[in-house]
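Engineer: Sequence first, predicted model second:
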Amino acid sequence: MKTSLFASAILFLFFASCCQAAIDLTCPTANITNTDGAFPTGGISLFPANYTCIIKFLIPRGFAVKVDFQTNKATWSMDHIVVKDSALELFEMSNVDNLFYLPTGTNSINITTLTNTTTIYFTWKFMDVTKFQRNQISTGSVVSMNFTANNYYQFTSKNDTVLFHTGGNPDLNGNPDISLKKVYYYDGDDLSAMFVGNLYNGIFNTYNSKGKSITLVNFYGTPTNSYGIASDSSSLSKYQKYSLNIITNSTFFSTFVLQASAELGQETAMTVYAVDLQESFISYITFSNRNATGQQVRFRPLVPMDGYGDLLSYNPTSTNHIPPLPQQVLSNVYTVTCYQCNAFIGIRPEEDWTNVGPGNSGMIYSPSMWNPKSQQPLAPYFVNFTSNNLPVKFVFDIQSLKTISVADKLRIEVGSSSTSSVVTELTQSSNTDIQKSAIGNYMAISFSGANATSSFAISLRVEDNGAERGLISFVVLGVALLRLFQ
C-alpha cells in the first residue's frame, strides 16, 4: 500500500512537471494594441524565482481593457504583479484584488518574482466604451458616486472650466474612501477624452478641466459611500481652499466636527451635505486664537455656485461668554466660509435649542431662506421658545418678511400661563426692521408661507426682565444688611 502511494506521488509530480514545462512563459515583447489575449497562453502556471516581465498595452481613445487575474499571490508575498495605468499610478494585484480595467493610453503589467511559489494567469479583453449610456449632470449639484456600470457621467459647465471635489466617510484610520480608486476621471465630453486618473488621492481638488466638461465612470460598478460636486472654476477662485463634507445620521453619533482654517487675508469654504437630515444644529464654534482680529465663520445656503449671501456670521467676540448657539439650520446642504481663522465647528442632528435663558440669542429663518431653489411646497414653520425659570424679556427684530399669497402669515406670540399674551401678526411684505419686545416664559413663532419665495428672518435676544433684576438686587441687599448687624 505504501509503495502504491509513493508511486502515485511520483507520477503526479512527473505529470505536473511535464505540464508546467509545456507552458510557455516567454514575456511578450510587442505592444498589445487591439487584440484580446491571455498570458501565459497555456493557462495558469507556477512562475519560477527571479522572473521579470513587462507587458505593454497601447489602448486607443474610446476603449478600455478588462483584465481578469487568477493568482495565489497573497498581499504580503515577496512576488509582485503590478499594474501601471496611463496616469503612471501603480496597483498591486493579488488573490483578493484580481480585476482591473486599463484606461486609454499606455498601460503595463509588470511581473517580478523572488520565489517559485506564485501561480499567475490573466486574460484581457478590449471594450468599446463609446457606446456606454450617457448621464449629463450640471455643475453645482451634489451627487452620489454610486455610478452604474456601462454608464458614464458627464459634468458640464455652461461657460467655464470645471473643478471636481469628493467627500465621504473615511475609514477608522482617517484614510479616504478607497473605493474611489474605481472611479476614473476623463478630461472631456465622454470616454473618448484623455484619461487623467482616479478620484482616490484628491488631486482633482485643484485640477481645472481643459474644456467645459469632465467625464467620470466606474467600470467595476462597485458601491461607494462618497459624494461629489462639480463646480464652475470661477465660483471657487476666490477661496484659498474648498472641500465637500458629508454627514449622515448613521455616522453622526453625537457631534460632527468641522475644522475650518484660512491664512491671514485668505478665505476658505466647505460645503456640508447631510445625506439623510433636512435639519441640523450648529452646536458650538471654537476659535483657536480668540485674540486675533478679523476672524469670521459664516454660513450661507446651498453651494458657492448659487451665490447666495450669508445668513449667519460669527467671530470670537460673538461666541464668547454665553454663545448665540445652538442655531438651527433648515437644509441638508449649506456652505461654511472661514476668513483668516482657525476654528472648530460642532454640528449635531438634534439639539434643545428652544430652551432659552438670559444671554441667549440667534436667528430664526423660514425654511425657504435655507432652500431658496426648492421646487416643492415647504411645510408651515413653527417653533416655541420657553424659559423654565422666571419670565424673561424676548427682544425680537423682524428683519424681513416676504409674502406671496393672502394666506401667508407670520404670527409671534409672547406670554405665560399667568398673564395675557402679546400677539404680533403680519401678512404684508416688508423690508423695514420691526423691533419689538415682550415679557413672558414662552415665545411661539409660526409662518404659513409654503412657497420658496415666501420668507421671513427674525433675530432674537433673550434678556432678564426688570422684575427679576429688582428681586435679585433686593435679596443681595437684604443679605448684606443681615451680615452687617450680626
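Structural biologist: Received the coordinates, thanks.

Engineer: can you pull the contacts of the residue lying closest to Ser261 once chain neighbours are set aside?
Structural biologist: Spatial nearest neighbour of Ser261, chain neighbours left out: Asn342 (4.5 Å); criterion: C-beta to C-beta, 6 or more residues apart in numbering. All C-beta atoms are positioned from the backbone trio N, CA, C, and that covers glycine. When contacts are counted by C-beta atoms under 8 Å, 6 or more residues apart in numbering, Asn342 touches Gln259, Ala260, Ser261, Ala262, Phe287, Ser288, Asn289.

Engineer: Now list the buried members of those.
Structural biologist: Ala260, Ala262, Phe287 (16 or more other C-beta atoms under 10 Å).

Engineer: what pLDDT does the nearest residue to the last one once chain neighbours are set aside get?
Structural biologist: Nearest non-adjacent residue to Phe287, counting by C-beta to C-beta, 6+ apart: Pro316, 4.6 Å away. Looking at Pro316, its pLDDT is 90.

Engineer: try Ile120
Structural biologist: 97.

Engineer: low pLDDT regions in the stretch 301-450 of the chain?
Structural biologist: Applying pLDDT under 70 to the stretch 301-450 of the chain picks out residues 319-323, 389.

Engineer: List the contacts of the helix or strand hosting Met363.
Structural biologist: Counting by DSSP states H and E, the element that carries Met363 is strand 361-365. For strand 361-365, the surrounding residues in contact (C-beta under 8 Å, 6+ apart) are 311-312, 324-328, 330, 353, 383, 445, 455-462.

Engineer: Got a PyMOL select line for the buried ones in those residues?
Structural biologist: Buried residues among the contacts of strand 361-365 (16+ other C-beta under 10 Å), as a PyMOL selection:
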select buried, resi 311+312+324+325+326+327+328+330+353+445+455+456+457+458+459+460+461+462
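
Engineer: what are the ranges of the strands in the stretch 101-250 of the chain?
Structural biologist: Along the stretch 101-250 of the chain, the segments classed as strands by DSSP state E, counting those that start in this stretch run 105-112, 119-128, 133-138, 142-144, 151-156, 162-167, 184-187, 194-198, 213-217, 227-232, 241-247.

Engineer: by how many degrees do the second one and strand 105-112 diverge?
Structural biologist: Going by axes from the mean of the first three to the mean of the last three C-alpha atoms, to 10 degrees, strand 119-128 is angled at 170 degrees with respect to strand 105-112.

Engineer: Sheet-wise, list the partners of strand 119-128 with their directions.
Structural biologist: strand 37-39 (antiparallel), strand 45-46 (antiparallel), strand 63-71 (antiparallel) (DSSP bridges).

Engineer: where do the strands sit along the stretch 251-400 of the chain?
Structural biologist: Under DSSP E, counting those that start in this stretch, the stretch 251-400 of the chain gives strands at 256-261, 267-274, 280-287, 296-301, 312-314, 327-329, 333-339, 342-348, 361-365, 381-386, 392-402.

Engineer: okay if I get those as a markdown table plus distance to Thr71?
Structural biologist: Listed next are the strands of the stretch 251-400 of the chain as a markdown table, based on distance: least, C-beta to C-beta, whole Å:
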| stretch | distance to Thr71 |
| --- | --- |
| strand 256-261 | 41 |
| strand 267-274 | 40 |
| strand 280-287 | 47 |
| strand 296-301 | 52 |
| strand 312-314 | 56 |
| strand 327-329 | 51 |
| strand 333-339 | 44 |
| strand 342-348 | 45 |
| strand 361-365 | 59 |
| strand 381-386 | 61 |
| strand 392-402 | 66 |
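
Engineer: Having no further points to raise, I will conclude here.
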